[in-house]
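Asker: Sequence and predicted structure, then a few things I'm wondering about:
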Amino acid sequence: MLPFAPMPIVDDFLLNYNLGQIVLFLFIVSLPVGYLQGSRQITAINLALFGTIFIIIPAIDAGPSHYAFLGIALLVIGPVLFATARR
């Protein structure tokens, strides 16, 4: 057996959070990518994708439903931003 296995450390860290909080963190981390690339279309696709994921999360995790409301808002904002993007 390995003297240092990183998986128990990661597992102990992630046990303190639910799936919605982890996906919210990933959403916040991935949001600046579209701005750094200078593309509103990438940002719009990112919003729509995470909107879909946030709607699915309460069904998977049986956690709080406020992530579904965030998902609905992102699914409205994402296509509007995509339609108004020039490049």
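Answerer: Noted; the coordinates are in hand. Numbers count the residues shown, from 1 in each chain.

Asker: From now on I want contacts and neighbour counts done on CA atoms only, so please keep to that.
Answerer: OK.

Asker: secondary structure element for Phe69?
Answerer: With secondary structure defined by DSSP states H and E, Phe69 is part of helix 66-84.

Asker: what's that helix packed up against?
Answerer: Where contact means 3 or more C-alpha pairs under 8 Å, 6 or more residues apart in numbering; DSSP states H and E, helix 66-84 is packed against helix 40-61.

Asker: Tell me how far stretch 29-40 lies from the chain's centre.
Answerer: Stretch 29-40 sits 14 Å away from the centroid of its parent chain (C-alpha atoms, centre = their mean, to the nearest Å).

Asker: Now it: buried residues?
Answerer: The neighbour-count check on stretch 29-40 (16 or more other C-alpha atoms under 10 Å) flags Gly34, Arg40 as buried.

Asker: Stretch 73-87 too?
Answerer: Leu74, Leu75, Gly78, Pro79, Leu81, Phe82.

Asker: ok, now stretch 17-30?
Answerer: Using 16+ other C-alpha under 10 Å as the test for burial, stretch 17-30 gives Leu19, Gly20, Val23, Leu24, Phe27.

Asker: Just the CA coordinates for that stretch, please, in PDB.
Answerer: Taking Å, rounded to 0.1, in the frame of the first residue of the first chain, the C-alpha atoms of stretch 17-30 are listed here in PDB:
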ATOM      1  CA  TYR A  17     -20.300  19.700   0.900                       C
ATOM      2  CA  ASN A  18     -23.300  18.500  -1.200                       C
ATOM      3  CA  LEU A  19     -23.300  18.100  -4.900                       C
ATOM      4  CA  GLY A  20     -25.000  21.500  -5.600                       C
ATOM      5  CA  GLN A  21     -22.300  23.400  -3.700                       C
ATOM      6  CA  ILE A  22     -19.500  21.500  -5.700                       C
ATOM      7  CA  VAL A  23     -21.200  22.300  -9.000                       C
ATOM      8  CA  LEU A  24     -21.700  25.900  -8.000                       C
ATOM      9  CA  PHE A  25     -18.000  26.200  -7.300                       C
ATOM     10  CA  LEU A  26     -17.200  24.700 -10.700                       C
ATOM     11  CA  PHE A  27     -19.600  27.100 -12.300                       C
ATOM     12  CA  ILE A  28     -17.900  30.100 -10.600                       C
ATOM     13  CA  VAL A  29     -14.500  28.800 -11.600                       C
ATOM     14  CA  SER A  30     -15.500  28.200 -15.200                       C
END
